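> Need coordinates for the following:
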Amino acid sequence: MNFRRFYIIQLLKSIANPDSYALYTRWGARCKKFKSKTGVEWTERENAAPQTGKYMWIERYYDEDVTSPKPAVLPSSTLAPEVLILCNLIFSEELLNAHLASMNYNAAKIPLGKLGRSTISKGFSALKDIADVIDNPTGSAAQEHGGADAAYAALSSVYYSIIPHVSGRVPLPVINDPAILKQELDLMDSLLDMEVASKIMSGDAGSTVHPMDAQFASLKLSQIAPVDPAAPEYTAIAEYARDTELRQSSFALDIQHVFRVERALETQAWTAAGHDQLHSGERLLLWHGSRSTNFAGILKNGLRIAPPEAPSTGYMFGRGVYFADMVSKSFNYCHSHLSNDTGLLLLCEVAARPFFEQKNGNYNADVDCAKAGKRSTKGLGRSAPARWMDAGAALQNTELSGCMMPSGSKRLKTVQPALHHNEYIVYDLNQIRLRYVVMVKTRIKV
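Numbering: from 1, shown residues only. Below is the predicted model of the structure:
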């Protein structure tokens, strides 16, 4: 009948003074304190809704990081020099911390390696609750809290309780508009990929393998090979980047390295879906940009679509993977200023045509695209490539025969759409194959 009560006793003997002892005792009722602080039973903690004026339980992994002593002589890396440069970029604890700090995530409170997936899921759900109020400020979700403003404040507090932020002496902003919501969604998306990098980096490489070799091996890529700068393949990619770079930008992009990549599971899924049988022109070679610290997660697990618990509000054309035919548009998402002015871009083969064309943002485009029987949504831009060419011929890569890429720098001009440049969004990961990783460095134009 006393199964909830406990009594702890500890006897310690002093090492310095063998005749000295210390006795510590503590007793109480198990789970009683937890319920008084949270308002819920310990056994119900995982599915309990937050209680007003109470603490919230957050899952955290408490396993100790296992690290072996560093060998006196570090084994030599067997990686190609270019691949080693890439690994040093995507497996950098310093850069991870810099990117997290830029998004105000409090890694001191919950380090990435201790952040549970269920906590990330709860963070997305909390943002979805806020999005419901943004979408309908007079609806039931707002009225439950006494109005939209009160709902924004209460729900923002719930979100910040789940996902720790650094605020200093300045109060954290109330999440009450799509722009702030999008910032937090970007953080959540990045946490999913950065968590992968953090766990890989905390693994034990042992003493017989260079740490970077072990981390690279954990990506389980079928292929990653540097492309020779003298090869037509490299030249064509460099021209694609040069021709689709914004002329009015104050900085230029200089390609440092190009890597041909392949993920086995991705290739299998692509083939199983029949995308290798598509007609010429239905596949496009498109850009995708992301933080360098996200690339370990991307290369290991592929590009991701926001989970179902994430709100559609904040994603301009719904939950999907976004691509561009302009390198500058994708590069905006690299945040290279946090990575020593070095950014990483993907060139992906995308099963894209036929398009569901949209001139303005549509948070429900994923649903509408499926209803229309189209493969992807195309957000129409005011400026678009005037000509397209066969990527297989341009790159001298027969696997990409029939896949199209922009040709030249000439642009078609329109005045109707809200977007400056085209966006392409797919909602099925089987429509994507990673083909190239492109490392670029920014420089100020003279």
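> Could I get the average pLDDT for stretch 40-54?
For stretch 40-54, mean pLDDT is 74.
> Pull the contacting residues for the closest residue to residue 208 other than its chain neighbours.
Spatial nearest neighbour of residue 208, excluding adjacent residues (C-beta to C-beta, 6 or more residues apart in numbering): residue 75 at 6.3 Å. Using the backbone N, CA and C atoms, a C-beta is placed for each residue, glycine as well. With contact taken as C-beta atoms under 8 Å, 6 or more residues apart in numbering, residue 75 is in contact with 207-210, 213.
> Wait, a strand at residue 75?
No - under the criterion used here (DSSP: H, G, I helix; E, B strand; the rest coil), residue 75 is coil, not part of a strand.
> Residue 145 versus residue 54, what's the distance?
Look at residue 54 and residue 145: by C-beta to C-beta, to the nearest Å, they are 16 Å apart.
> do residue 439 as well
Residue 439 sits 47 Å away from residue 145, going by C-beta to C-beta.
> Just want to know which of those two has more residues nearby.
Using other C-beta atoms under 10 Å as the criterion, residue 439 and residue 145 rank with residue 439 on top: 19 against 16.
> quick one, domains of the chain?
According to automatic domain parsing, the chain comprises the domains 5-44, 81-213, 219-444.
> Show me which residues of the shortest one are buried.
What that stands for is domain 5-44. Across domain 5-44, burial judged by 16 or more other C-beta atoms under 10 Å covers 38-40.
> how distant is it from the center of its chain?
41 Å (C-alpha atoms, centre = their mean, to the nearest Å).
> Same list (the contacts of residue 75) but as a markdown table, adding pLDDT, distance to residue 224 and neighbour count.
Listed next are the contacts of residue 75 as a markdown table, based on pLDDT from 0 to 100; distance: C-beta to C-beta, whole Å; neighbours: other C-beta atoms under 10 Å:
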| residue | pLDDT | distance to residue 224 | neighbour count |
| --- | --- | --- | --- |
| 207 | 63 | 25 | 13 |
| 208 | 80 | 22 | 9 |
| 209 | 86 | 17 | 14 |
| 210 | 90 | 16 | 18 |
| 213 | 94 | 13 | 19 |
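> residues contacting the closest residue to residue 144 other than its chain neighbours?
The shortest distance from residue 144 to any non-neighbouring residue, by C-beta to C-beta, 6+ apart, is to residue 151 (7.1 Å). Residues in contact with residue 151 (C-beta under 8 Å, 6+ apart) are 133, 141-142, 144-145.
> Which residue ranges of this protein form helices?
32-38, 81-90, 93-102, 117-135, 140-143, 148-162, 178-201, 211-217, 232-243, 264-272, 295-301, 327-331, 365-371, 391-395 (DSSP state H).
> And the contacts of the last one?
Going back to what we said before, that points to helix 391-395. So helix 391-395 is contacted by 232-233, 236-237, 285, 397-405, 407 (C-beta under 8 Å, 6+ apart).
> again, but for the first one
Judged by C-beta under 8 Å, 6+ apart, the contacts made with helix 32-38 from elsewhere in the structure are 4, 41-42, 45, 48, 51, 54-57.
> now do the second one
Surrounding helix 81-90, the residues in contact under the criterion C-beta under 8 Å, 6+ apart are 77, 79, 95, 197, 212, 215-216, 224, 226, 256-257, 259, 292-293, 295-296, 299, 339, 342, 344, 437, 439.
> and with 10 Å instead?
Helix 81-90 is contacted by residues 77-80, 95-96, 197, 200-201, 210-213, 215-216, 219, 224-227, 256-259, 291-299, 339-340, 342-344, 437, 439 when judged by C-beta atoms under 10 Å, 6 or more residues apart in numbering.
> same deal with stretch 102-110?
Identification of contacts with stretch 102-110 by C-beta under 10 Å, 6+ apart yields 58-61, 96-97, 99-101, 112-116, 119, 160, 162-168, 172-173, 183-184, 186-188, 190-191, 194, 198, 291, 335, 337-338.
> Would you pull up how far it lies from the middle of the chain?
Distance, centroid of stretch 102-110 to centroid of chain: 16 Å (C-alpha atoms, centre = their mean).
> Name the residues of that stretch that are buried.
103-105, 107, 110.
> Export those as CSV, with columns for pLDDT.
Below are the buried residues of stretch 102-110 laid out as CSV (pLDDT from 0 to 100):
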residue, pLDDT
103, 93
104, 93
105, 94
107, 88
110, 84
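> Relative to residue 416, which of those residues is nearest.
Checking the buried residues of stretch 102-110 against residue 416 by C-beta to C-beta gives residue 103 as the nearest, at 34.5 Å.
> For residue 174, see how far away that closest one is.
Taking C-beta to C-beta, one finds residue 103 at 17 Å from residue 174.
> what do you get for residue 160?
Taken as C-beta to C-beta, the span from residue 160 to residue 174 is 10 Å.
> Give me the more crowded residue out of those two.
residue 160 (20 against 16).
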